[in-house]
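Visitor: take this sequence and fold it.
(one chain, ligands or ions: 3)
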Amino acid sequence: MIIPTAKQIKEIDAFTISDEGISSIDLMERAAYSLTDAITSQWSTSTPIVVFAGPGNNGGDALAVARMLICGGYAVKTYLFNIASRISADCKEEAERLKSLGEGHLTEITSTFEPPELSADTLIIDGLFGTGLSRPLEGGFATLVRFINSTGCTVVSIDVPSGLMCEDNSSNNLESIVRASLTLTFQFRKLAFMFDENEMYVGKLKVLDIQLSSSKINSTSTPYEYIEADYIRELFKPRVNSGNKGTFGTAMIVAGQYGMAGAALLAGSACLRSGCGKVMVHTPLLNNNIIQIGLPEAIIHHDYNEKRFCNPISSDTRFDAICIGPGIGTHTDTSRALYDQIRRTRCPLVLDADALNIIARNKEWLDFLPAKTIITPHPLEFQRLTDCKNDGYSRLKVAQELSESHELIVILKGHHTAICLPDGRVYFNSTGNSGMATAGSGDVLSGIIVSLLAQHYQPSVAALIAVFLHGKAGDLASSTLGEYSITASDIVNNISNSFRDLLNM
Ligand SMILES: NC(=O)C1=CN([C@@H]2O[C@H](COP(=O)(O)OP(=O)(O)OC[C@H]3O[C@@H](n4cnc5c(N)ncnc54)[C@H](OP(=O)(O)O)[C@@H]3O)[C@@H](O)[C@H]2O)[C@@H](O)CC1
Ligand SMILES: Nc1ncnc2c1ncn2[C@@H]1O[C@H](COP(=O)(O)OP(=O)(O)O)[C@@H](O)[C@H]1O
Ligand SMILES: [K+]
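Guide: Numbers count the residues shown, from 1 in each chain. Ligands and ions are numbered 1, 2, ... in the order given. Just a heads-up that it's a prediction; the model follows:
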């Protein structure tokens, strides 16, 4: 599903109204009905409800929900903030409809506001601002948001937590954003929801289908896409029945300085579990026994001249794709070896972990990376690599620029990992869970990617499939072990289930 901007959502909204020949108030009623349905399915009529409505259509939704809840037998107190005497036409109409239920349901605030006493079990419905927020909240609205956040009550935000911009929050006033327990958003995830730091505002997320025009959605051009199973499934090539080891390619993994052999094991086993024909591991001699025993299917490519650090792979080119980085360390010999290998590499390449830390110290090497190289930084590695600011939006913009200017595939790892392609498109992943925040899980991802590259998947396709499968393997691991107990090896052990789940095997 696409992730449109707030401006594009407005256009899709307007198109739906004209195309369907319905009035905007009827679309608002449809939206409010689905909100009410979501709320009543979770909270019973014994829950006291307080609704805060703003002056725009987000407020209109809130007023309509208040009316529907009252009609459903809930006790609801509603406050409409009409400070600037400029409420939208549909918000005004919804206020009239609410008032028509009788006295006392609606309090209109035109100047000062005395916050009501709220019991701990009160449910707050936040309909102050949605996609129409145009600047950070200040003054009375900022105070109101701080009040809402201080109550300790459960908060349901309509469409967007009030105060949160749909895209860029890098210069927002972060104290003036509602911290929702649940956000009921219309039709699309918003770009800001993809950034890890905004989870504390969004809370749990539920996307409500309000049947906006599918033809308009399909013709809306946006670089941002949220990827789910159906999309990924289409990217698979059929596996040749008569294929042999050679058909499915050889992957070379350069990993594991002495003391980090586990990184080589994890990347190597993930690679073997992901379909390539042969796996070679280039690793220091001192890792010999552990790799031979732990990964008997792999061919070890010894680093003879140095016992502890990874050195050059000599001029060997008997592989179809190469991954450099998991646990290699940043020793100067390794650094030199990485430089030589980058300059020499002609096959698809994925760089992870310490390979990226070495490049971060030699940023001009970015210019030498072969086109379509995949890099897989976590936020700190990306910060070292680019000196970008620390918020998700700024990081994404820098990743998009890097991807376009250097023709790289940048996989920005996180809860919603972003895959940035050189043509400007960005795909956000839908699988994965906090159990995967465990040492070594990035090594597993690298192993899956290089396996798909060795099978001659285009780098962009390999990146998309690998990120999705990796997260899915983590989700399957969590479904049996729980998020507290997953290890990176459990992710490897669920790669096969992840393939089977995705491909209905
Ligand atoms: N998508 C869909 O199809 C559907 C969408 N629907 C709903 O519509 C919502 C969008 O409605 P919307 O466009 O009226 O914007 P909304 O968020 O209510 O705010 C606009 C008002 O806020 C004001 N304002 C802005 N910033 C401010 C600030 N910092 N401080 C103070 N004021 C500020 C701004 O005034 P101005 O900027 O002109 O000063 C204006 O008065 C959307 O989120 C969803 O809930 C559904 O009803 C139906 C289907
Ligand atoms: N909360 C989370 N939700 C989803 N995926 C996660 C979460 N935390 C970590 N991951 C995934 O786990 C991997 C962690 O990689 P990384 O930080 O490089 O780990 P390591 O360096 O220990 O191998 C990434 O693919 C990341 O997307
Ligand atoms: K809201």
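
Visitor: hey, let's count contacts and neighbours off CA atoms from now on
Guide: OK.

Visitor: and the lengthiest helix in the chain, how far from the chain's centre?
Guide: In the chain, taking DSSP state H as the definition, the longest helix is helix 459-481. Here helix 459-481 is found 13 Å from its chain centre; the criterion is CA atoms, centre = their mean, to the nearest Å.

Visitor: which elements pack onto the next helix or strand after that helix?
Guide: Of the helices and strands lying after helix 459-481 in sequence (DSSP states H and E), the nearest is helix 488-493. Judged by 3 or more CA pairs under 8 Å, 6 or more residues apart in numbering; DSSP states H and E, the packing partners of helix 488-493 are helix 261-272, helix 441-454, helix 459-481.

Visitor: the helix or strand that helix 488-493 is followed by and ligand 2, are they touching?
Guide: Moving toward the C-terminus from helix 488-493, the next helix or strand (DSSP H and E) is helix 495-503. No. Helix 495-503 is not in contact with ligand 2 by CA under 6 Å from any ligand atom; minimum separation 13.4 Å.

Visitor: give me the nearest residue to whichever residue of the stretch 251-400 of the chain sits closest to ligand 1, chain neighbours excluded.
Guide: Going by CA to the nearest ligand atom, ligand 1 is nearest to residue 393 of the stretch 251-400 of the chain, at 19.4 Å. Spatial nearest neighbour of residue 393, chain neighbours left out: residue 168 (5.7 Å); criterion: CA to CA, 6 or more residues apart in numbering.

Visitor: in the protein, what helix or strand scores lowest on average pLDDT?
Guide: The weakest-scoring helix or strand in the chain, judged by mean pLDDT, DSSP states H and E, is strand 299-303 (a mean of 87).

Visitor: checking my notes, residue 44 in a helix, right?
Guide: No. Under DSSP: H, G, I helix; E, B strand; the rest coil, residue 44 sits outside any helix and is assigned coil.

Visitor: where's the residue lying closest to residue 213 once chain neighbours are set aside, which helix or strand?
Guide: Using CA to CA, 6+ apart and skipping residues adjacent in sequence, the residue nearest residue 213 is residue 16, 5.1 Å away. In this structure, residue 16 is located in helix 6-20 according to DSSP H and E.

Visitor: contact partners of that helix?
Guide: Residues outside helix 6-20 that contact it (CA atoms under 8 Å, 6 or more residues apart in numbering) are 23-24, 27, 131-132, 166-167, 190, 212-213, 216-217, 220.

Visitor: now the residues you listed as JSON lines including pLDDT, distance to residue 367 and neighbour count?
Guide: As requested, these are exported to JSON lines (pLDDT from 0 to 100; distance: CA to CA, whole Å; neighbours: other CA atoms under 10 Å):
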{"residue": "23", "pLDDT": "94", "distance to residue 367": "54", "neighbour count": "14"}
{"residue": "24", "pLDDT": "95", "distance to residue 367": "52", "neighbour count": "17"}
{"residue": "27", "pLDDT": "96", "distance to residue 367": "51", "neighbour count": "19"}
{"residue": "131", "pLDDT": "97", "distance to residue 367": "39", "neighbour count": "23"}
{"residue": "132", "pLDDT": "97", "distance to residue 367": "41", "neighbour count": "15"}
{"residue": "166", "pLDDT": "97", "distance to residue 367": "34", "neighbour count": "22"}
{"residue": "167", "pLDDT": "97", "distance to residue 367": "30", "neighbour count": "18"}
{"residue": "190", "pLDDT": "98", "distance to residue 367": "33", "neighbour count": "24"}
{"residue": "212", "pLDDT": "95", "distance to residue 367": "44", "neighbour count": "19"}
{"residue": "213", "pLDDT": "94", "distance to residue 367": "44", "neighbour count": "16"}
{"residue": "216", "pLDDT": "96", "distance to residue 367": "40", "neighbour count": "15"}
{"residue": "217", "pLDDT": "96", "distance to residue 367": "38", "neighbour count": "20"}
{"residue": "220", "pLDDT": "96", "distance to residue 367": "34", "neighbour count": "16"}
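
Visitor: for those residues, which one is nearest residue 383?
Guide: Proximity of those to residue 383 (CA to CA) peaks at residue 167, which lies at 20.3 Å.

Visitor: OK, contacts around that closest one?
Guide: 5, 6, 190, 191, 192, 393.

Visitor: returning to what we had before: now do the very next helix or strand once past the helix holding residue 16 against helix 6-20, angle only.
Guide: Next along the chain after helix 6-20, taking DSSP H and E as the criterion, comes helix 24-40. Orientation check (axes from the mean of the first three to the mean of the last three CA atoms, to 10 degrees): helix 24-40 against helix 6-20 gives 110 degrees.

Visitor: hmm, helix 24-40 in reach of ligand 1?
Guide: Yes. Contact of helix 24-40 with ligand 1 (CA under 6 Å from any ligand atom) involves 27, 28, 31.

Visitor: just the buried residues out of the contacts of residue 167, in PyMOL syntax.
Guide: To isolate the buried ones among the contacts of residue 167 in PyMOL, judged by 16 or more other CA atoms under 10 Å, type:
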select buried, resi 5+6+190+191+192+393
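
Visitor: residue 58: which of the contacts of residue 167 is nearest?
Guide: Of the contacts of residue 167, the one sitting nearest to residue 58 (CA to CA) turns out to be residue 6, at 13.0 Å.

Visitor: any idea of the pLDDT on that closest one?
Guide: Residue 6 is assigned a predicted lDDT (pLDDT) of 95.

Visitor: and for residue 315?
Guide: Looking at residue 315, the pLDDT reads 66.

Visitor: flag every residue of this structure that's near ligand 2.
Guide: Residues of the chain that fall close to ligand 2, judged by CA under 6 Å from any ligand atom: 378, 413-415, 417, 432-434, 436-443, 445.
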